[in-house]
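Asker: With the sequence up front, the predicted model follows.
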Amino acid sequence: MKPSALPRSIEVLTSGVHGKGVFATRHMAPGERVIEYVGERISMAEAIRRHPHDEAQPDHTFYFHLDDGRVIDALYGGNDSKWINHSCRPNCVPDEVWGRIYILTRRPVFKGEELTFDYGLFSDEPMTDALKARYACRCGAPKCRGTMLSD
């Protein structure tokens, strides 16, 4: 079977975590590459200029920061990866390889399970309860830290 003819291993559905989410359509092994996070590559200055994507949800974006300081903006040219939600106890992990972001499973993922990774967001603002609340986490993990911001 040609790689292009392989059945899709994910689908986008309504999420119990937030809005849309990405769900496994088959069982996946640990370390499996699920999808590449793609979109337009822009400078941090351009990302700031474009912010917010949605005035009604100013803290919600489809940005993924790269190690070289650039940003992938999945609002433009993105794929289903932009719908992967945050979790404090994720089943996936992003892996940057030569400026490309791949989402890998970090443990076995079962058919029907929602895929998540830890966003590890950062802010230049001082860490306050109000800031944490702006980036509230709804993952439901037993040891949820209550925010998508990194410690």
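Answerer: Structure received.
Asker: the bottom helix or strand of the chain by mean pLDDT?
Answerer: helix 129-134 (a mean of 87; mean pLDDT, DSSP states H and E).
Asker: Count the neighbours of the residue lying closest to Ser43 once chain neighbours are set aside for me.
Answerer: Nearest residue to Ser43, sequence neighbours excluded (Cβ to Cβ, 6 or more residues apart in numbering): Arg70, at 6.1 Å. Yep, even glycine has a C-beta here, placed from its N, CA and C like the rest. Other residues near Arg70 number 16, with proximity taken as other Cβ atoms under 10 Å.
Asker: close enough to count as contact, Arg70 and Arg41?
Answerer: Yes. In this structure, Arg70 is within contact of Arg41 by Cβ atoms under 8 Å, at 5.5 Å.
Asker: follow-up on the earlier one: centre of the chain to the least confident helix or strand of the chain, how far?
Answerer: 20 Å (Cα atoms, centre = their mean, to the nearest Å).
Asker: Restricting to C-alpha, output it in PDB.
Answerer: Provided in PDB are the C-alpha atoms of helix 129-134 (Å, rounded to 0.1, in the frame of the first residue of the first chain):
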ATOM      1  CA  ASP A 129      -3.600  34.200  39.700                       C
ATOM      2  CA  ALA A 130      -5.300  36.500  37.100                       C
ATOM      3  CA  LEU A 131      -2.800  35.500  34.400                       C
ATOM      4  CA  LYS A 132      -3.200  31.800  35.200                       C
ATOM      5  CA  ALA A 133      -6.900  32.200  35.000                       C
ATOM      6  CA  ARG A 134      -6.700  33.700  31.500                       C
END
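Asker: and it, what does it pack onto?
Answerer: Contacts defined by 3 or more Cβ pairs under 8 Å, 6 or more residues apart in numbering; DSSP states H and E place helix 129-134 against no helix or strand at all.
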